[in-house]
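Colleague: Generate a structure from the sequence data that follows.
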Amino acid sequence: MLHMTKVAVGCSSLDILRDRIGAHAANGTAAIHTRYRPTRADEMVGGSLYWIIAHRLVARQTILGFEEAEGGRCVIRVDARLVPVRARPKRAHQGWRYLAAADAPDDFDGGDADVSAMPKAMIDELSALSLI
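Modeller: Residues are numbered from 1 along each chain as shown. Have a look, this model is predicted:
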């Protein structure tokens, strides 16, 4: 399975990204616009788009498909649900990049810890250190 990474431009937190996606979601899907269609697009359907915020992979969305848009641009159809992942450092880049399945971070399931009771600042700091 092949995935992709993309910088969440203008988003300083996962909450902001979640709000942005929610504002544009309809019928359980969201559209991400990009300049070029990936040459390996067929391999990515069913994979995930991993979001980079503050130089870390922090969340993913399942890729449902690709469509052509006006002006030769591409629309990536993704599941509107944003799944937090175990944060992993990732340098920012322009556009999108491929991500092999072996390099993809695991979903954040919280494990035995109840992180909902922690202050947001603590969650952010522990996540930045890749401890949760």
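Colleague: Using PDB, write down the CA coordinates of the helix or strand harbouring M122.
Modeller: In this assignment (DSSP states H and E), M122 forms part of helix 120-128. Only the C-alpha atoms of helix 120-128 are listed here, as PDB (Å, rounded to 0.1, in the frame of the first residue of the first chain):
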ATOM      1  CA  LYS A 120      -4.000  20.300  25.700                       C
ATOM      2  CA  ALA A 121      -0.500  21.900  26.200                       C
ATOM      3  CA  MET A 122       0.700  18.700  27.800                       C
ATOM      4  CA  ILE A 123      -0.700  16.500  25.000                       C
ATOM      5  CA  ASP A 124       0.900  18.700  22.400                       C
ATOM      6  CA  GLU A 125       4.300  18.600  24.200                       C
ATOM      7  CA  LEU A 126       4.200  14.800  24.700                       C
ATOM      8  CA  SER A 127       3.100  14.400  21.000                       C
ATOM      9  CA  ALA A 128       6.000  16.600  19.900                       C
END
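Colleague: I'd like to know which elements it is packed against.
Modeller: Here helix 120-128 touches strand 56-68, going by 3 or more C-beta pairs under 8 Å, 6 or more residues apart in numbering; DSSP states H and E. Backbone N, C-alpha and C define where each C-beta goes, glycine included.
Colleague: show me where pLDDT drops low in this structure?
Modeller: Filtered on pLDDT under 70, the chain yields the residue ranges 110-118, 127-132.
Colleague: rewinding a little: okay, angle between the helix holding M122 and strand 56-68 too, please.
Modeller: Going by axes from the mean of the first three to the mean of the last three C-alpha atoms, to 10 degrees, helix 120-128 is angled at 80 degrees with respect to strand 56-68.
Colleague: Helix 120-128: how far from the chain's middle?
Modeller: The chain centre lies 18 Å from the centre of helix 120-128; the measure is C-alpha atoms, centre = their mean, to the nearest Å.
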